[in-house]
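K.L.:
this one's structure only:
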């Protein structure tokens, strides 16, 4: 069943295992949306959701989390990013979870990937980029964290983590004309970011001194995120959006090594989606016909 609604997926690196649990439940129930907007890890989970590859995000992040070809600080010694995102879209043999490019192409969903452009620190979007270099470039740019990852060249310039400019782009979904919006968070509703440290601010200034607008955006992110979280709460209370989020604070690090923690987080996402499913469908179908 396709719903004339937008699905917005927050980022959060390995916290994306929560999102993958939610999306796998949606796949179990054969639920799709006319638009999927992904930020950072949300874009990677979203890509697998659009291609209807149940379990791909979760299985890769648990089975291969400690594979040094995928994630390793040693990559920095070779001038590469700690997380090798090319690993996700390379054919590793018959036993590997290859990306289903054909299913992606056949999907009617407008898949939107959000990234942040270094030149001006603004949000950029990639609408249903074709499989191959354009898709992987957009996904890698959206998911590349400052300092941990190298900036990635895209058709819209040099980019990094989409969460820097817009962590939960509900406003983009509205701009695209959707009045039914499902949001999947990777932080509990009460979570607020603490101000960044002076050391981190200086590190950003040193590493990106030629991009002052980008640095300003990064260093101002805690305040912007907290303001956005307050707005999302108001929108949820007024039924403008429907939100699925962890009930408790998520104690999973960005580069979490503990696979059991990742599995538990995935299972909680699946369980939360199941628990809120009937209410979500009621929200989607109220005052609106679903599109087959």
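P.N.:
Yep, that arrived. The structure presented is a predicted model; accordingly, all values stated were derived computationally and were not measured.

K.L.:
which positions within stretch 16-36 qualify as buried?
P.N.:
Neighbour-count burial for stretch 16-36 flags 16-26, 31-36 (criterion: 16 or more other CB atoms under 10 Å). C-beta here means a position set from N, CA and C on the backbone, and glycine is covered the same way.

K.L.:
name the element the closest residue to residue 172 other than its chain neighbours belongs to?
P.N.:
If you skip the residues right next to it in sequence, residue 172 has residue 37 as its closest partner in space, 5.9 Å away by CB to CB, 6 or more residues apart in numbering. Under the criterion of DSSP states H and E, residue 37 resides in strand 32-39.

K.L.:
can you tell me the strand partners of that strand and which way each runs?
P.N.:
Neighbouring strands of strand 32-39 in its sheet, by DSSP bridges, are strand 2-9 (parallel), strand 110-117 (parallel).

K.L.:
any idea which of those strands is most buried?
P.N.:
strand 110-117 (a mean of 26; mean count of other CB atoms under 10 Å).

K.L.:
tell me the mean pLDDT for that one?
P.N.:
Per-residue pLDDT over strand 110-117 has a mean of 97.

K.L.:
run the chain-centre distance for stretch 253-265.
P.N.:
16 Å (CA atoms, centre = their mean, to the nearest Å).

K.L.:
so what touches that stretch?
P.N.:
Here stretch 253-265 makes contact (CB atoms under 8 Å, 6 or more residues apart in numbering) with 12-15, 17-18, 21, 58, 61-62, 65-66, 71, 82-83, 145, 148, 246, 250-252.

K.L.:
report the buried residues of that stretch.
P.N.:
Along stretch 253-265, these residues count as buried under the neighbour rule (16+ other CB under 10 Å): 256, 261, 262, 264, 265.

K.L.:
list just the nearest of the residues you listed to residue 125.
P.N.:
For residue 125, the nearest member of the buried residues of stretch 253-265 is residue 265. The distance, counting by CB to CB, is 27.5 Å.

K.L.:
the buried residues of stretch 253-265 in strands, which ones?
P.N.:
Within the buried residues of stretch 253-265, membership in strands is found for no residue, as judged by DSSP state E.

K.L.:
and the furthest pair within the residues you listed?
P.N.:
For the buried residues of stretch 253-265, the maximum inter-member distance is 10.9 Å, found between 256 and 264 (CB to CB).

K.L.:
show me what contacts residue 103?
P.N.:
If you count contacts by CB under 8 Å, 6+ apart, then residue 103 has 50, 51, 52, 53 around it.

K.L.:
is it true that it lies in a helix?
P.N.:
Yes - with DSSP: H, G, I helix; E, B strand; the rest coil as the criterion, residue 103 is part of a helix.

K.L.:
pLDDT value on it, please?
P.N.:
Among the per-residue scores, residue 103 shows a pLDDT of 95.

K.L.:
picking that back up, tell me the bridge partners for the residue nearest to residue 172.
P.N.:
Beta-bridge partners for residue 37, by DSSP bridges, are residue 8, residue 112.

K.L.:
rewinding a little: what subset of the contacts of stretch 253-265 is buried?
P.N.:
Judged by neighbour count, with 16+ other CB under 10 Å as the criterion, the buried members of those are 12-15, 17-18, 21, 58, 61-62, 65, 71, 82-83, 145, 148, 246, 250, 252.

K.L.:
among those, which are in helices?
P.N.:
Assigned to helices by DSSP state H, the following of those qualify: 17, 18, 21, 58, 61, 62.

K.L.:
residue contacts, the first one?
P.N.:
With CB under 8 Å, 6+ apart as the criterion, the residues that contact residue 17 are 57, 58, 61, 62, 252, 262, 263, 265, 266, 269.

K.L.:
of these, the lowest pLDDT goes to which?
P.N.:
Looking at pLDDT alone, the contacts of residue 17 dip lowest at residue 61, where the score is 84.

K.L.:
sorry, back to before: can the buried residues of stretch 253-265 go into a markdown table with extra columns for distance to residue 46?
P.N.:
What follows is these, written out as a markdown table (distance: CB to CB, whole Å):
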| residue | distance to residue 46 |
| --- | --- |
| 256 | 20 |
| 261 | 22 |
| 262 | 18 |
| 264 | 22 |
| 265 | 17 |
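
K.L.:
circling back to that earlier point, how many neighbours does the residue nearest to residue 172 have?
P.N.:
Neighbouring residues of residue 37 were enumerated by other CB atoms under 10 Å; the total is 30.

K.L.:
with that, I have no additional questions.
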